[in-house]
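Student: Build me a model from this:
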Amino acid sequence: MSFLENISNFFSLLKQSNYDLALVYSQDSSSFYSVLLLLFVVILIVGYFIRDSFKKAELSKLISNITKVSNFSEFEQKLSKIADEISKRGLEIANKLNLSKEDILTKGLDLTKDFDIKQKIEAYKKISSNFSLISKNTKKYDIEELCKFYEEKSISLLEDNLLKQIENYYKNVRFTQSEAENIDFLVSYANSLSNPLVILKPLENEINKFSFTFNLELFKFIKKLDKNSSKVLSYALNKKIEELFCSEKERISIAILAYVLKTDEKQKVYDYIVNLKDKNHLQSLYFNFFGKSKDIDLDLAFVKNETEIVNDYKEYINSQITYNWKDLKLIKHIINSSGVLRVIGHIDYRNVLERIEKLENEVDFNATVAKILEVSRNAEKIAKEAKAIARSK
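Tutor: Sure thing, here's the model as predicted:
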């Protein structure tokens with residue numbers, strides 16, 4: 001029998017057996033199972049409609065409440081759920097979303113207004129992604145106003161709104177070490193765009209408005225930029241700094257030079273001082289750095305510079321040689337340094353060379369004596385051992 005005949009037969013038997021299901025089952029089990037299958041299908045259909053009705057009510061409530069949330073995380077969670085569910089919940093819910101679209105956009109932007117630039121970029125990308133998904137998932141409802149709004153806003157959020165936020169950021173921010181991480185993130189985002197220069201060029205122009213020679217905070221900021229994240233920007237800014245240190249006329253501030261002297265790049269300061277042609281600035285650096293530390297290479301950098309300034313180079317070199325006359329390595333380092341002969345003169349220079357030769361001879365003599373004494377001690381030890389062996393025999 002067909003499925004419908006089984007159903008009909010079941011109810012006939014049920015009536016004849018005075019509604020005794022056990023008796024019906026014993027008489028025609030196939031009809032009994034057909035009815036069970038029918039009941040199962042009915043339950044599934046009813047369950048589906050109940051669940052769908054519940055989900056519609058839930059999504060409707062979500063659309064109503066999303067504009068009442070107080071933090072972006074909750075807003076993004078609700079928006080993401082709306083984007084995922086809207087295609088399954090019917091025209092009525094889609095129309096409700098259409099009525100709330102402007103309020104949802106306004107709320108999302110309002111919740112990000114106090115974010116730092118890194119958080120704003122992340123937030124705008126999430127909103128844009130969800131708006132794009134909403135546009136895609138509501139096309140089936142043929143509500144042009146709804147689809148068009150979310151499609152256009154998913155694009156304009158990044159190309160207009162976010163770019164304005166980024167512009168406002170780099171035009172008002174102080175470029176300090178604490179902002180290096182945000183700039184790294186901003187540059188990484190810019191490099192993900194089809195035209196990175198729309199962000200990178202005006203950002204670099206804004207940074208270039210500041211003094212690279214006097215602004216220590218800017219210098220620290222540039223040095224803290226991550227070369228892998230900031231790439232071209234980091235390279236351009238560091239190149240500009242390198243050019244300043246190689247210049248013979250640029251006046252790099254004492255604060256920047258003092259900072260670099262504490263790093264592993266202090267050779268740049270030495271070279272800068274050696275090549276500096278600005279007499280007044282060199283004089284200022286002399287008063288602030290020369291003889292003020294135990295950095296002999298820093299002091300010798302001034303000696304190497306032939307620019308005429310008020311100085312005590314000769315007295316300083318003579319005192320260094322006098323106070324450290326037993327330190328052969330240091331004295332040779334000083335005397336072999338460029339400019340020392342010019343400063344102390346040939347006579348004093350020759351005297352120092354003679355002193356060095358004497359010290360070298362003394363060192364050689366002491367080394368020879370020490371070697372002889374060592375050989376003597378070894379010979380004495382061998383002799384004692386030989387005498388001990390002889391006695392044992």
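Student: And the contacts of stretch 209-229?
Tutor: 174-177, 179-180, 183-185, 187-188, 207, 233-235, 237-238, 240-241, 244, 250-253, 255-256, 259 (CB atoms under 8 Å, 6 or more residues apart in numbering). Where C-beta positions appear, they are placed from N, C-alpha and C, glycine not excepted.
Student: Can you check the pLDDT for Cys147?
Tutor: According to the prediction, Cys147 has pLDDT 93.
Student: What count of nearby residues applies to it?
Tutor: 20 (other CB atoms under 10 Å).
Student: PyMOL command for the buried members of the contacts of stretch 209-229?
Tutor: Written as a PyMOL command, the selection of buried residues from the contacts of stretch 209-229, which uses 16 or more other CB atoms under 10 Å, is:
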select buried, resi 175+179+180+183+184+185+187+188+207+233+234+237+241+244+251+252+253+256+259
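Student: Quick check: can you list the domain ranges of the chain?
Tutor: Per automatic domain parsing, the domain ranges recorded for the chain read 1-68, 71-76+84-172, 327-393.
Student: Give me the average confidence score over the shortest one.
Tutor: By that I understand domain 327-393. Mean pLDDT, domain 327-393: 67.
Student: Helix, strand or coil: sort out Lys148 for me.
Tutor: Three-state assignment for Lys148 (DSSP: H, G, I helix; E, B strand; the rest coil): helix.
Student: what residues are up against it?
Tutor: By CB under 8 Å, 6+ apart, the neighbours of Lys148 are Ser135.
Student: Just the ones in helices from the contacts of stretch 209-229, please.
Tutor: Those of those mapping onto helices are 180, 183-185, 187-188, 207, 233-235, 237-238, 240-241, 244, 255-256, 259, per DSSP state H.
Student: thought Ile183 was touching Leu237?
Tutor: No - between Ile183 and Leu237 there is no contact under CB atoms under 8 Å: 10.1 Å.
Student: Could I get the full set of strands for the stretch 101-250 of the chain?
Tutor: Assigned by DSSP state E, counting those that start in this stretch, the stretch 101-250 of the chain shows no strands.
Student: Kindly provide the distance from Ser194 to Ala236.
Tutor: Relative to Ala236, Ser194 is positioned 21 Å away (CB to CB, to the nearest Å).
Student: Surely His333 is in contact with Ile317?
Tutor: No - using CB under 8 Å, His333 makes no contact with Ile317, being 11.6 Å away.
Student: Dihedrals phi and psi, the closest residue to Ile317 other than its chain neighbours?
Tutor: In this structure, Ile317 finds its nearest non-sequential neighbour in Ile344, 5.6 Å apart by CB to CB, 6 or more residues apart in numbering. For Ile344, the backbone dihedrals (degrees, to the nearest 10) come out as phi -90, psi -10.
Student: One more: Lys262?
Tutor: Note on Lys262: its backbone torsions stand at phi -90, psi 0 [degrees, to the nearest 10].
Student: Distance from the chain centre to the host helix or strand of Phe287, please.
Tutor: Phe287 is part of helix 279-289, with elements assigned from DSSP states H and E. Centroid separation for helix 279-289 versus its chain: 37 Å, with CA atoms, centre = their mean, to the nearest Å.
Student: In it, which residues are buried?
Tutor: Of all the residues in helix 279-289, those buried under the rule 16+ other CB under 10 Å are His281, Leu282, Leu285, Tyr286, Phe289.
Student: want to throw the residues you listed into a markdown table with pLDDT?
Tutor: Output for these, formatted as a markdown table (pLDDT from 0 to 100):
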| residue | pLDDT |
| --- | --- |
| His281 | 97 |
| Leu282 | 97 |
| Leu285 | 97 |
| Tyr286 | 96 |
| Phe289 | 97 |
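Student: Would you format those as JSON lines with distance to Asp327 included?
Tutor: Listed next are the buried residues of helix 279-289 as JSON lines, based on distance: CB to CB, whole Å:
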{"residue": "His281", "distance to Asp327": "33"}
{"residue": "Leu282", "distance to Asp327": "29"}
{"residue": "Leu285", "distance to Asp327": "27"}
{"residue": "Tyr286", "distance to Asp327": "25"}
{"residue": "Phe289", "distance to Asp327": "22"}
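Student: which residues sit against stretch 327-337?
Tutor: With CB under 8 Å, 6+ apart, stretch 327-337 has contacts from 296, 300, 303-304, 317, 320-321, 324-325, 340, 349, 352-353, 355-356, 359-360, 363.
Student: Mind checking which of Ser194 and Ala236 has more residues around it?
Tutor: Comparing Ser194 with Ala236 by other CB under 10 Å, the one with more neighbours is Ala236, at 15 against 5.
Student: Isn't the more buried one up against Leu203?
Tutor: No - if you go by CB under 8 Å, Ala236 and Leu203 don't touch, sitting 10.6 Å apart.
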